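Colleague: this is the structure alone, sequence omitted:
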Ligand SMILES: Nc1nc(=O)c2c([nH]1)NC[C@@H]1CN(c3ccc(C(=O)N[C@@H](CCC(=O)O)C(=O)O)cc3)CN21
Ligand SMILES: CC(C)C(=O)C(=O)O
Ligand SMILES: [Mg+2]
């Protein structure tokens, strides 16, 4: 990995060539982006999963461009080295090409993202090409595409049969041909992932797609156990920060109720003179 300097698309491509796994994780705010970067991830994804994870919606469909820009700004203020990718939200890239390019550009100009991610296959090829022509690096996203949850009938594994697997490969190749520099492959059988990653020159970053790809991405809140509403089967939780937070806050509540907080070291004092004037000579104060 690049030491000190910011990670670039060519660093990411080189990792695939060298057979070194690419690490990606979501972050949606300043402190988590700082921690995720300090932990050494190559890429931070400001995912539209933020709608479910930090805004409490039950899908990613309500997420707006304004939401994505707001959170991307917070993340890019913290991330000095990790390569920040932001999701284009639902319907922000399905009108005219001009409208889609404008939205992708806003994530970069206003949010300072270094690339955009979009859900879909070969039908996006013209848009990917236009973005790349305009200097906007693009990450594709195929397999389980959560913005289509109501069309897919739930958050289900994709590409189980041969026809579906071949369709995924066609989509991946079309995105690569159009100029995408990487692809996220979500919730796909590992054997299908391996076939696609082998046929593509660009990195394939998997989530619920097994080990046979060039990198992995997970949702930060799932990894640290921070009150995530849903925990897909493919998640590995490394700590239970939710319990640590609940215990800490319960300790505060108890301390306040039992008058143990604030303690003397948390208290400011007025000067003796001011105290005399406030309370009068000889009047006890506390
Ligand atoms: N917290 C969180 N983590 C995520 O990874 C995530 C989100 N939210 N929100 C947006 C999408 C939705 N995702 C999901 C959600 C659920 C499953 C899930 O439960 N899948 C079933 C598989 C069902 C089948 O066999 O087809 C599972 O058991 O894992 C998968 C991906 C991934 N994304
Ligand atoms: C789960 C990843 C790939 C994503 O798209 C998101 O976090 O929105
Ligand atoms: Mg997303």
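Modeller: Perfect, thanks for sending it. Values in this document were obtained by computation on a predicted structure and should not be read as measured data. Ligands and ions are numbered 1, 2, ... in the order given.

Colleague: count of neighbours near the residue in the chain that ligand 2 sits nearest to?
Modeller: As assessed by C-beta to the nearest ligand atom, ligand 2 sits closest to residue 47 within the chain, at 2.1 Å. In short, each C-beta sits where N, CA and C put it, glycine included. Close neighbours of residue 47, defined as other C-beta atoms under 10 Å, add up to 29.

Colleague: now it. Its backbone dihedrals?
Modeller: phi -80, psi 150 (degrees, to the nearest 10).

Colleague: can you check residue 226 too?
Modeller: phi -100, psi 70.

Colleague: likewise for the one 4 residues further on?
Modeller: In terms of degrees, to the nearest 10, the main-chain angles of residue 230 are phi -120, psi 140.

Colleague: adjust the sequence numbering to begin at 47 for everything that follows.
Modeller: Renumbered: residue one is now 47, and that last one reads residue 276.

Colleague: now do the contacts for it.
Modeller: 98, 201 (C-beta atoms under 8 Å, 6 or more residues apart in numbering).

Colleague: distance of it relative to residue 87?
Modeller: Counting by C-beta to C-beta, to the nearest Å, the gap from residue 276 to residue 87 is 22 Å.

Colleague: ok, now residue 193?
Modeller: 24 Å.

Colleague: strands of the stretch 147-296 of the chain, residue ranges please.
Modeller: Ranges of strands in the stretch 147-296 of the chain, per DSSP state E, counting those that start in this stretch, are 161-165, 184-189, 228-232, 250-253, 261-264.

Colleague: dump these to CSV, plus distance to residue 126, mean neighbour count and mean pLDDT.
Modeller: Formatted as CSV, these follow (distance: least, C-beta to C-beta, whole Å; neighbours: other C-beta atoms under 10 Å; pLDDT from 0 to 100):
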stretch, distance to residue 126, mean neighbour count, mean pLDDT
strand 161-165, 16, 25, 99
strand 184-189, 20, 27, 98
strand 228-232, 21, 27, 98
strand 250-253, 22, 28, 98
strand 261-264, 20, 22, 98
